[in-house]
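Here is my input; please provide its structure:
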Amino acid sequence: MMIQKSRGVRIAALLTASATAGATGLGGIADPNPRLPGISVPILLADGLHQSAVAEGSMRLENPSPGFDFYGFNSDGPHVPAPGALPASGAPPIEATKTEPDKNTYLVLNGLHGADANYDYGSHFLFQGHENSAGGKSFITRINLDADGAHRVSLLATTDASGTPLPPFDGSTWDPFSRRLLFTAEGNGTTTGGVWQSTPDVPAVPVDLLGVIGRGGFEGVQIDPYGDVWLVEDIGGPTIAGARVANSFIYRFVPKNRFDLTRGGKLQALQVMKLDGTGPIVFDGTNALTQNLKDLHTYGNVFDTRWVTVHDTDVDGTAVFNANALAKAKSATPFKRPENGLFRPAIGFREFYFSETGDTSATTTAGSDFGGFGGVMKLWQFAPNAERGKLSLFFKGDLEHTSFDNLAFWDVNHAVFVEDRGDGLHGQANTLDSGWLFDLRANYSADAEPARIIAGGRDALATLDSALSGQPGFQNDGDNELTGIHVSDGDASVFGLLGVRAPNPFQDGWRVFYTQQHGENVTYEMFDDDRPEHGHHWRSGW
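Okay, the predicted model is just below:
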């Protein structure tokens, strides 16, 4: 029915959806969990929250494929090393490769199938691409939230429609116009990275969009009400004088037909003008401490922005191209490893917030002033399809609040950003990752502070991996990472597009998920203490 409505009526309705703001009612956690050698530590949640696992890494897939038998582990070794086993270069792995389920996408869909033709899989599903896998060949999974243990996790695909193995995926979202899942792969822009679309059923049919969107270090992905695909890129630049050069871009893909992305379109990159108006801030491969970077990471500065077209399939054809290189050639503006971005909900898709991870090192010479600890940027436009806008710093990272990665809007006035510090920064700061709740109305240039609502832990297997990490022949990361924070009511229609309605966690069908990546690779659902696990279609056996 909605597809038959006129474009103007549908988009106007999306842009003017009503907002319902409310206080979160969450307390903060004073301190993060410390990183202590050989010590595991549980996750801590803010008062008012608890959680339950919806899938664990050791859970068998209901429809395994060679090399892919489990949700969070490949089949190339045991889940725990044998007593006394030590890694060695060229030797078989002493432990299975961790597949690292990443960004979660929740959908309510009817009529989906699985490997068992006689089983009712329900209608509530959580989708993931996997960020890592043995041999660089990855896969897509679907957690069937209504199913029992034997049918809990379905393998959707390990290859694309042409039979090519899937790459490791980082980001995901649902495109309600094309009725496809979108998965993003980080890469170098030359031989790796890109965007794939996939059907949501078993067996899924993934198709690469390399000829229309190109290769890049894509991670964050969001659809706007015009069907444009917003992409946030993470390609770390070279380290010069103790800090990384800004090397990643914000993109907007404008399709010719929003119901079929394979038909091509224009890829645009965000260009930010210098404060003095003399021209755009462009890539500088020789200096990580430029005045422009300092300006970008200074509270109160407001920059003019515009979109520049870097590739147009009508003009440039559909040969695979390097989006990162073209963005540089077209004088787009690079950032300090941005990773994810979303539109603030229920305000007409006018504000787009994106995270910067920064240098993930306590010793970065960039410090806070040059983006060394990352931060959060805010892009404002009259409409998501506008050609010009304004950019400002929303939050400047420091050693306590740093390495921001995934984000989700808790309600119209609050957003959650989770950290991905990595083993090195964990050790330097003696701190595991945190999840931070930001008030979008606060002035963080003054004395406002975000609230820590997740103090990330480290499970026993990640603690073991931390001790082995870096040894020759050992292929897994150590400490757990917080990822895949996701707040959604699962509405798969155009009117359910993330950003249309104000989220209302734990009520009216709104659910909250995240993953503790690495180690045991557990995906959790959060709950309000006042609303325990009920009414979520749990079945016996799980």
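
Which element, helix or strand, includes the residue nearest to residue 425 when sequence neighbours are not counted?
Counting by C-beta to C-beta, 6 or more residues apart in numbering, the nearest residue to residue 425 once its immediate chain neighbours are dropped is residue 360, at 5.0 Å. C-beta: built from backbone N, CA, C; applies to glycine. According to DSSP states H and E, residue 360 maps onto no helix or strand at all.

Quick check: residue 360 touching residue 405?
No: between residue 360 and residue 405 there is no contact under C-beta atoms under 8 Å: 10.2 Å.

which residues are in contact with both of these two?
The contact sets of residue 360 and residue 405 overlap at residue 420 (C-beta atoms under 8 Å, 6 or more residues apart in numbering).

Look at those two and report which has more neighbours.
residue 405 (29 against 23; other C-beta atoms under 10 Å).

Give me the neighbour count for the nearest residue to the more buried one once chain neighbours are set aside.
For residue 405, the nearest residue in space outside its immediate sequence neighbours is residue 420; the separation is 4.0 Å by C-beta to C-beta, 6+ apart. Look at residue 420: counted by other C-beta under 10 Å, it has 21 neighbours.

give me phi/psi at residue 420?
Backbone dihedrals for residue 420, given as degrees, to the nearest 10, come out at phi -140, psi 80.

Look at the residue of the chain positioned farthest from its centre and give its secondary structure.
With distances taken from the mean C-alpha point of the chain and given as C-alpha atoms, centre = their mean, the most distant residue is residue 84, at 36.8 Å. Using DSSP: H, G, I helix; E, B strand; the rest coil, the secondary structure recorded for residue 84 is coil.

Would you check how far apart it and residue 465 are?
16 Å (C-beta to C-beta, to the nearest Å).

swap in residue 222?
If you measure residue 222 against residue 465 using C-beta to C-beta, the figure is 32 Å.

for residue 424, same thing?
Remark: distance between residue 424 and residue 465 (C-beta to C-beta) = 14 Å.

likewise residue 265?
Counting by C-beta to C-beta - residue 265 and residue 465 are separated by 42 Å.

go on, residue 263?
Separation of residue 263 from residue 465 (C-beta to C-beta) stands at 44 Å.

The nearest residue to residue 99 once chain neighbours are set aside: neighbour count?
In space, residue 99 comes closest to residue 130 once its chain neighbours are excluded; the distance is 4.2 Å by C-beta to C-beta, 6+ apart. One way to gauge burial is a neighbour count; for residue 130, by other C-beta under 10 Å, it gives 26.

let's have the chain start at 28 instead
With 28 as the first residue, the last one maps to residue 157.

wait, what's in contact with residue 157?
With contacts defined as C-beta under 8 Å, 6+ apart, the neighbours of residue 157 are 126-129, 165-168, 195-196.

Which residues does it form beta bridges with?
Here residue 157 shows beta-bridge partners residue 128, assigned using DSSP bridges.

Equivalent analysis for the one 10 residues further on, please.
On the basis of DSSP bridges, residue 167 is bridged to residue 156, residue 184.

Surely it and residue 181 touch.
No: using C-beta under 8 Å, residue 167 is not in contact with residue 181, being 9.5 Å away.

do you know how far residue 90 is from residue 180?
9 Å.

ah, wrong one, I meant residue 510
As defined by C-beta to C-beta, residue 510 lies at a distance of 17 Å from residue 180.

quick revisit: please report how far the residue farthest from the centre of the chain lies from residue 472.
Counting by C-beta to C-beta, the gap between residue 111 and residue 472 amounts to 55 Å.

show me the contacts for the residue nearest to residue 452.
For residue 387, the residues meeting the contact criterion (C-beta under 8 Å, 6+ apart) are 429-430, 447-449, 451-452.

Considering those, which possesses the most neighbours?
Counting neighbours by other C-beta under 10 Å, residue 448 comes out on top of the contacts of residue 387 with 30 neighbours.

so it makes contact with residue 458?
Yes: assessed by C-beta under 8 Å, residue 448 is found in contact with residue 458 at 7.2 Å.

wait, isn't residue 550 in contact with residue 544?
No: Residue 550 is not in contact with residue 544 according to C-beta under 8 Å; the separation is 9.1 Å.

Which residues are in contact with each of these two?
128, 511.

which secondary structure elements does the longest strand along the chain contact?
Secondary structure of the chain per DSSP state E: the longest strand is strand 329-339. The contact analysis (3 or more C-beta pairs under 8 Å, 6 or more residues apart in numbering; DSSP states H and E) places strand 329-339 against strand 292-299, helix 350-356, strand 415-423.

Can you tell me which of the ones you listed is most buried?
Most buried of the helices and strands packed on strand 329-339, by mean neighbour count (mean count of other C-beta atoms under 10 Å): strand 292-299, with a mean of 24.

Using CSV, write down the CA coordinates of it.
Taking C-alpha atoms only, strand 292-299 is exported to CSV below (Å, rounded to 0.1, in the frame of the first residue of the first chain):
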residue,chain,number,x,y,z
GLY,A,292,23.2,6.4,-8.9
LYS,A,293,25.5,9.1,-7.5
LEU,A,294,28.0,8.6,-4.7
GLN,A,295,28.7,11.9,-2.8
ALA,A,296,31.2,12.8,-0.1
LEU,A,297,30.9,15.4,2.6
GLN,A,298,33.0,18.5,2.1
VAL,A,299,33.6,20.9,5.1
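
average pLDDT across that strand?
Averaging the model's pLDDT scores along strand 292-299 yields 98.

Buried residues in the next helix-or-strand element following it, which are they?
Next in sequence after strand 292-299, counting helices and strands by DSSP H and E, comes helix 318-323. Neighbour-count burial for helix 318-323, with 16 or more other C-beta atoms under 10 Å as criterion, is recorded at 319-320, 322-323.

can you put those residues in a markdown table and add distance to residue 283?
Compiled in a markdown table, the buried residues of helix 318-323 are given as follows (distance: C-beta to C-beta, whole Å):
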| residue | distance to residue 283 |
| --- | --- |
| 319 | 34 |
| 320 | 36 |
| 322 | 37 |
| 323 | 33 |
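
hmm, who's touching stretch 301-319?
Under the contact criterion C-beta under 8 Å, 6+ apart, stretch 301-319 has outside partners 264-274, 298-300, 322-323, 328, 330-331, 355, 358-361, 392-393, 397.

Could you list the buried residues of that stretch?
Buried residues in stretch 301-319, defined by neighbour count with 16+ other C-beta under 10 Å: 301-302, 307-311, 315-316, 319.

Could you do stretch 474-482 as well?
Buried residues in stretch 474-482, counting neighbours by 16+ other C-beta under 10 Å, are found at 477-482.

Mind jotting down where the helices sit in this structure?
Secondary structure of the chain, counting by DSSP state H: helices at 34-42, 318-323, 340-343, 350-356, 449-456, 487-495.

Now do the fifth one against helix 487-495, angle only.
It refers to helix 449-456. Regarding helix 449-456 and helix 487-495, their directions subtend 80 degrees when assessed with axes from the mean of the first three to the mean of the last three C-alpha atoms, to 10 degrees.

State the mean pLDDT of helix 449-456.
When the per-residue pLDDT values of helix 449-456 are averaged, the result is 96.

again with the shortest one
In this model, helix 340-343 has a mean pLDDT of 98.

ok, now the second one?
Helix 318-323 shows a mean pLDDT of 98 in the predicted model.

what separates stretch 413-423 from the chain centre, distance-wise?
Offset of stretch 413-423 from its chain centre (C-alpha atoms, centre = their mean, to the nearest Å): 20 Å.

Can I get it in CSV? Just the C-alpha atoms.
Included here for stretch 413-423 are C-alpha records, laid out as CSV according to Å, rounded to 0.1, in the frame of the first residue of the first chain:
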residue,chain,number,x,y,z
ALA,A,413,19.9,19.1,1.1
GLU,A,414,23.1,19.9,-0.7
ARG,A,415,24.4,22.2,2.1
GLY,A,416,24.5,22.1,5.9
LYS,A,417,26.4,22.9,9.0
LEU,A,418,28.9,20.8,11.0
SER,A,419,29.9,21.2,14.6
LEU,A,420,31.6,19.2,17.4
PHE,A,421,29.1,17.7,19.8
PHE,A,422,31.5,16.0,22.1
LYS,A,423,35.3,16.1,22.3
